[in-house]
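Trainee: here you go, sequence then predicted model.
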Amino acid sequence: MLDRAAASVAALRGAEETGFYGVDRPGVAWDWMKQTGQAPAGADWVRPQVAEAWARCVDDHALPPGAEFAPRQRRLESGASELDGWRRNSLGGVAGHLSALVYDLRTLLDETNVALLLADPAGAVVHLLDSGSRITAGGAQIGRIGADWSEASLGNNGVGTASLLREPVAFDGKEHFNGALHRFATAGCPIVAPDGGLCAILGMISDRRDAAKLALGFLKIARHMLEASLFDRLAADGYLLRLRAIGEADARFADEGRVFVGADGYVRGVDRAAVEALGGGYSALVGARAATALGVDLPALIAAHEGGRILSLPDRNGRPLYAEAHRCPRRDGAASSARRAPDRADAAPCGPDAERDWSDSVLETALRKAAGLQERNIPILITGESGVGKDYLVRRLHAGGPRKERPLVAINCAAIPRELIESELFGYEGGSFTGARAKGKSGKFVEADKGILFLDEIGDMAADLQATLLRVLDSSEVVPIGSSKPIRVDVRVVAATNRSLQEMVQKGAFRRDLYYRLNGVQLWLPPLRERPDRLGLLSQLFRLERDALGSAEDLRFSDEVWRIFFKHPWPGNIREARNVLRSSIAVAKGPVIEIDDLPIDFLQELDFDQRVTDAESQDANVDETVELEAGFDLSDWEARAVRHALASSKGNIAKAARSLGITRATLYHKMARYGLRSDRRIVSKR
Ligand SMILES: Nc1ncnc2c1ncn2[C@@H]1O[C@H](COP(=O)(O)OP(=O)(O)OP(=O)(O)O)[C@@H](O)[C@H]1O
């Protein structure tokens with residue numbers, strides 16, 4: 001203890017020399033801990049939460065003070081229960097909503113250079129964005145599925161400590177016990193189901209080491225949205241009570257609280273605001289009779305609902321609260337027309353139908369956004385890797401939009417030869433050039449008049465044509481080749497690309513003015529591997545393909561196959577998934593589709609995937625804190641998959657593209673990106 005005091009005094013002197021406010025207080029405390037091997041006893045130099053966490057790291061978790069170490073790797077695939085849990089329990093519900101949320105916030109996340117992740121209640125990473133795969137600490141990749149972020153494995157960090165304390169937590173740089181996390185800020189927020197059960201930890205890691213507060217604020221908003229969605233899912237067949245404090249100036253709780261009472265008269269769920277208002281915690285409310293927990297029995301609730309009366313309930317201090325009762329009907333999957341994206345503001349009072357679990361939350365969010373944009377004539381730019389559903393989105397947009405009676409005209413800017421694109425877009429007068437039709441041709445702009453013109457693969461448009469296109473967009477007039485008479489057109493333009501137009505603009509490969517003209521609003525579709533709800537989406541696609549092929553309703557995949565689907569990075573995205581599902585359904589020999597029924601190309605890819613996994617788990621088994629293989633990310637994987645496909649097809653581009661489930665144009669892009677070339681004999685790095 002004396003040592004500690006002496007060291008503190010010495011450190012304090014140092015701090016005084018540097019200037020009290022200029023000193024890196026957690027840094028001083030951490031160095032002291034490194035020297036002494038003990039956690040500081042008081043909270044003079046670090047926040048109390050940090051001092052307590054460090055003490056736990058030393059005393060409870062026996063972690064080495066002043067060291068850098070990697071987290072343990074948990075083998076998520078080792079037990080069926082973990083994956084099944086992820087797939088079937090409420091985490092699955094969080095996943096769908098998280099997908100939509102991540103989708104919404106992607107731009108913000110890109111700009112702030114943070115990675116968002118979802119961990120299971122014990123702190124193991126079960127989902128992360130691509131950017132997460134680049135996070136390394138202690139020489140190891142900590143941003144990857146299965147990495148154990150619990151406090152006992154990685155030292156205090158937002159995710160692991162939030163899982164332990166069951167409350168939102170964030171740490172800046174040197175507040176982390178583990179020196180390997182000093183470059184980062186980490187934050188974590190537990191996601192609690194309406195029955196009080198912990199379903200997941202939503203986490204964030206930023207390479208700005210002072211961003212903890214910001215990250216925590218963001219996570220709390222995200223948590224609010226996720227928990228509201230979980231509540232919506234629960235509220236069926238019973239009564240929903242909306243609580244409000246009496247009197248406008250009454251600020252006892254900022255949010256309206258919600259309580260759900262089942263048709264049996266028991267409280268089945270509460271939200272955070274209601275717990276706050278009523279007191280006693282989830283355990284005192286959930287599972288108790290409404291009469292006991294709320295002071296109102298079921299007949300009184302029904303009578304209030306039917307008579308349109310407001311109830312009065314006592315709050316935690318015995319003061320009255322208003323309560324409005326709403327009937328929540330039972331859901332039967334058939335009534336699925338009310339599908340909506342998770343938006344608290346426009347959520348139905350009793351939540352949407354149960355089938356929403358299996359709908360495509362990302363697509364729905366994009367459609368909802370796009371609908372408003374279309375009405376206001378704001379140009380839409382859809383971005384995302386090949387096969388994520390850009391084209392599919394445009395078709396759905398058109399089918400559900402105000403121009404559905406008018407044409408949707410699509411043009412693939414990468415597929416049309418450079419010399420023909422102008423005549424394709426703008427048309428030509430009869431006989432205006434050799435090979436032209438005598439009657440002339442109207443061109444896509446005129447064909448799309450009053451409708452939608454979809455410019456696919458816009459990033460592949462030649463520079464001189466970009467200028468012409470811009471002119472047409474600005475003037476809303478086209479001049480067919482060989483004519484001098486402009487034609488007025490009224491088209492909504494939607495463009496799509498799997499390239500980064502922003503980067504192309506920076507490199508001078510795409511016109512900045514055209515970029516701004518097309519990019520009224522950007523809708524980004526995430527790759528399948530980045531989607532926490534990918535298993536739900538695959539289940540839905542599976543049902544689609546199964547019904548289309550007329551296969552038996554009890555046909556299903558084995559758990560083994562689901563585990564593979566969960567881990568596979570799906571470089572060809574939804575297109576690849578649909579191909580794999582379709583082929584396996586077609587060859588299924590019995591009611592259960594096994595690994596052997598999967599397409600051969602897919603299995604070859606897995607072979608490689610499996611080798612990586614085996615290598616990783618061997619590493620992890622040698623010593624739980626040894627450095628794990630660093631620097632291997634999904635783009636490496638994709639490059640290997642492309643190389644493998646080219647090698648298997650002996651350089652036949654069409655065949656390789658088919659096996660990857662992508663178009664030839666996309667394969668060429670990917671080859672260019674990874675510096676690959678193909679000839680019939682050899683496929684190698686340039
Ligand atoms: N949400 C979805 N539900 C069902 N099927 C989908 C969905 N999204 C995409 N698909 C299917 O996946 C395949 C690929 O989709 P699409 O062609 O729209 O991708 P893309 O992003 O435009 O690809 P590319 O950039 O290569 O043109 C299509 O068969 C499409 O029907």
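Mentor: Here it is on my side, so go on.
Trainee: residues of the chain that sit close to the ligand?
Mentor: Taking CB under 6 Å from any ligand atom, the part of the chain that reaches the ligand is made up of 360, 363, 384, 386-392, 498, 541, 574-575, 578, 662-663, 666. All C-beta spots, glycine's among them, are computed from the backbone N, C-alpha and C.
Trainee: now the buried members of those.
Mentor: Buried members of the residues of the chain next to the ligand, scored by 16 or more other CB atoms under 10 Å, are 360, 363, 384, 386-391, 498, 541, 574-575, 578, 662-663, 666.
Trainee: what about those residues, which are in helices?
Mentor: 363, 390-391, 541, 574-575, 578, 666 (DSSP state H).
Trainee: lowest-confidence one in the residues you listed?
Mentor: When those are sorted by pLDDT, the bottom entry is residue 666 at 72.
Trainee: how near is that residue to residue 501?
Mentor: Plainly put, residue 666 is 16 Å away from residue 501 if you go by CB to CB, to the nearest Å.
Trainee: repeat for residue 179
Mentor: Distance from residue 179 to residue 501, by CB to CB: 40 Å.
Trainee: so which of these two has more stuff around it?
Mentor: residue 501 (22 against 19; other CB atoms under 10 Å).
Trainee: wait, the more buried one touches residue 519, no?
Mentor: Yes. Counting by CB atoms under 8 Å, residue 501 sits close enough to residue 519 to count as a contact (7.1 Å).
Trainee: list residues touching both of these two?
Mentor: By CB atoms under 8 Å, 6 or more residues apart in numbering, residue 501 and residue 519 have these common neighbours: residue 381.
Trainee: what about the strands in the stretch 201-350 of the chain?
Mentor: All strands of the stretch 201-350 of the chain, identified by DSSP state E, counting those that start in this stretch, fall at 238-245, 257-262, 267-270, 311-314, 320-328.
Trainee: residue 164 is nearest to which of those strands?
Mentor: Taking CB to CB, strand 267-270 is the member of the strands of the stretch 201-350 of the chain nearest to residue 164, at 23.5 Å.
Trainee: which ones are touching whatever residue of the chain ends up closest to the ligand?
Mentor: Among all residues of the chain, residue 389 sits closest to the ligand, at 2.6 Å; criterion: CB to the nearest ligand atom. By CB under 8 Å, 6+ apart, the residues touching residue 389 are 363, 525, 573-574.
Trainee: now with 10 Å?
Mentor: Contact partners of residue 389, counting by CB atoms under 10 Å, 6 or more residues apart in numbering, are 360, 362-363, 366, 382, 395-396, 525-526, 528, 573-575.
Trainee: go on, residue 579?
Mentor: Residue 579 neighbours (CB under 10 Å, 6+ apart): 387, 545, 572, 599, 601-602, 658-662.
Trainee: count the neighbours of residue 596 for me.
Mentor: Using other CB under 10 Å, the number of residues around residue 596 comes to 10.
Trainee: and it, helix, strand or coil?
Mentor: Assigned by DSSP: H, G, I helix; E, B strand; the rest coil, the conformation of residue 596 is helix.
Trainee: quick check: it touching residue 587?
Mentor: Yes. When contacts are counted by CB atoms under 10 Å, residue 596 is listed as touching residue 587 (9.0 Å).
Trainee: residue 151 and residue 27, how far apart?
Mentor: Remark: distance between residue 151 and residue 27 (CB to CB) = 21 Å.
Trainee: compare these two (neighbour count), which wins?
Mentor: residue 151 (25 against 16).
Trainee: just the CA trace of stretch 191-210, in CSV.
Mentor: What follows is stretch 191-210, C-alpha atoms only, in CSV (Å, rounded to 0.1, in the frame of the first residue of the first chain):
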residue,chain,number,x,y,z
ILE,A,191,-29.8,-5.3,-25.7
VAL,A,192,-32.5,-6.5,-23.3
ALA,A,193,-35.7,-8.3,-24.5
PRO,A,194,-39.0,-7.2,-23.1
ASP,A,195,-38.9,-10.1,-20.6
GLY,A,196,-35.7,-8.8,-19.1
GLY,A,197,-33.5,-11.4,-20.7
LEU,A,198,-30.2,-10.2,-22.2
CYS,A,199,-30.1,-11.1,-25.9
ALA,A,200,-27.0,-9.5,-27.2
ILE,A,201,-24.3,-6.8,-26.7
LEU,A,202,-24.2,-4.2,-29.4
GLY,A,203,-20.6,-3.0,-29.5
MET,A,204,-18.5,-0.4,-31.2
ILE,A,205,-14.8,0.1,-31.7
SER,A,206,-13.2,3.2,-33.0
ASP,A,207,-9.6,4.0,-33.8
ARG,A,208,-10.1,7.4,-32.4
ARG,A,209,-9.2,6.6,-28.8
ASP,A,210,-11.1,9.5,-27.3
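Trainee: okay, buried residues for it please.
Mentor: Neighbour-count burial for stretch 191-210, counted by 16+ other CB under 10 Å, picks out 191-196, 198-206, 208-209.
Trainee: can you tell me, leaving aside adjacent residues, what's nearest to residue 55?
Mentor: Leaving aside its sequence neighbours, residue 55 sits nearest to residue 39 (CB to CB, 6 or more residues apart in numbering; 4.4 Å).
Trainee: neighbours of the one you found, how many?
Mentor: Residue 39 sits with 22 neighbouring residues when counted by other CB under 10 Å.
Trainee: my guess is it meets residue 155, correct?
Mentor: No. Residue 39 lies out of contact with residue 155 (CB under 10 Å); the separation is 11.2 Å.
Trainee: now the common contact residues for these two.
Mentor: Here residue 39 and residue 155 have 53-54, 56-58, 65, 177 as joint contacts, going by CB under 10 Å, 6+ apart.
Trainee: quick one: mean pLDDT for stretch 591-610?
Mentor: Averaging pLDDT along stretch 591-610 yields 78.
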